[in-house]
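Trainee: Next comes the sequence, and after it the predicted model I'd like to discuss.
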Amino acid sequence: MPTLLITGANRGIGLELCNQYLSEGWEVHACCRKPKKAKALNKLADKHKALTIHALEVTDYKQMDALKKALKGKPVDILLNNAGVHALGASQFGKTDDNAWEEAVAVNLVSPMKMMENFVENVAMSDKKIIASMSSKMGSINDNGSGGAYAYRATKAALNAVMVSAAHDLRHLDITALILHPGWVRTDMGGPHGEISVEESCTMLIKILGECDISDSGKFFDIDGSIIPW
């Protein structure tokens, strides 16, 4: 049974990815900050014995270390860094708040790196050997035609650089490192006017993850499978 380890799993894209992978017969380890309050995720766990919920605030490295110990020796086919913040407090020029910047860097940039470092051995012992991070087309410098969103754009662009380095550094382990744009999705973060539903986004993301191989390592995928320019 293939295994998914995913952060930010209590709602939106993370929750739906858990749902769809469970429906395909995967074992899922779903991480969220407050499992007791994750009603939808707990409801999903009631239906699927293959779903295990873990408490993980991605900036809490003690919790991350505890998760590492809990999953020691467990193959992880896909490690998916999905947790993220929009950092609205650091969006407008002249009004960027230091705390919003710090949170964005910690959640969007540093935590995916720490997850990779902590669980690379689990991924390396699996069959599929994939590490993927949820980025955004807003992290593309080439695509920036409107400005604003300073912390969000900057941390996603930096995350892309981290993943490209990981693609090179982990190639000897046959690990594929991918960067994913989920599309403009109708979620709490994407808003009600998004172009696609959560279900549509996740179906297409799973297709990309299912069809990729080591030759795709380091690529920045749009939701339709095309490559986003840096």
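Mentor: That came through, no problem.
Trainee: Do I have it right that Thr176 meets Lys129?
Mentor: Yes. In this structure, Thr176 is within contact of Lys129 by CB atoms under 8 Å, at 6.2 Å. In this view, the C-beta of every residue, glycine as well, is placed from N, C-alpha and C.
Trainee: and the gap between the residue located most distally from the centre of the chain and Lys156?
Mentor: Farthest-out residue of the chain from its mean C-alpha position, per CA atoms, centre = their mean: Gly94, at 29.8 Å. Separation of Gly94 from Lys156 (CB to CB, to the nearest Å): 21 Å.
Trainee: low pLDDT regions in this structure?
Mentor: Residues of the chain meeting the criterion pLDDT under 70: 187-194.
Trainee: Please export the C-alpha coordinates of stretch 61-68 as CSV.
Mentor: Written as CSV, here are the backbone C-alpha positions of stretch 61-68 (Å, rounded to 0.1, in the frame of the first residue of the first chain):
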residue,chain,number,x,y,z
TYR,A,61,10.4,21.4,15.4
LYS,A,62,9.8,19.4,18.6
GLN,A,63,6.5,18.2,17.1
MET,A,64,8.2,17.5,13.8
ASP,A,65,10.9,15.4,15.6
ALA,A,66,8.2,13.5,17.4
LEU,A,67,6.5,12.7,14.1
LYS,A,68,9.9,11.6,12.7
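Trainee: any idea which element Gly148 lies in?
Mentor: Under the assignment given by DSSP states H and E, Gly148 is not contained in any helix or strand.
Trainee: Quick check: it vs Ser135, distance?
Mentor: 17 Å.
Trainee: Which one of those two is surrounded by more residues?
Mentor: Ser135 (28 against 11; other CB atoms under 10 Å).
Trainee: residues touching the more buried one, list them.
Mentor: Taking CB atoms under 8 Å, 6 or more residues apart in numbering, we find Ser135 in contact with Lys156, Leu159, Asn160, Met163, Ile179, Leu180, His181, Phe220.
Trainee: cool, Arg153 as well?
Mentor: Met138, Gly139, Asn144.
Trainee: And it, how far from Ala104?
Mentor: 10 Å.
Trainee: now swap in Trp26 and tell me
Mentor: 30 Å.
Trainee: quick one: which of the two has more around it?
Mentor: Ala104 (25 against 20).
Trainee: ok, the more buried one touching Val85?
Mentor: Yes. At 5.8 Å, Ala104 counts as touching Val85 under the criterion of CB under 8 Å.
Trainee: top helix in this structure by residue count?
Mentor: helix 150-169 (DSSP state H).
Trainee: Identify each buried residue in it, please.
Mentor: Residues 150-160, 162-164, 166-167 are the ones in helix 150-169 that count as buried (16 or more other CB atoms under 10 Å).
Trainee: before we move on, what about stretch 72-80?
Mentor: Quick answer for stretch 72-80 (16+ other CB under 10 Å): Pro75, Val76, Asp77, Ile78, Leu79, Leu80.
Trainee: shared neighbours of Ala104 and Val85, anything?
Mentor: Contacts common to Ala104 and Val85, judged by CB under 8 Å, 6+ apart, are Tyr152.
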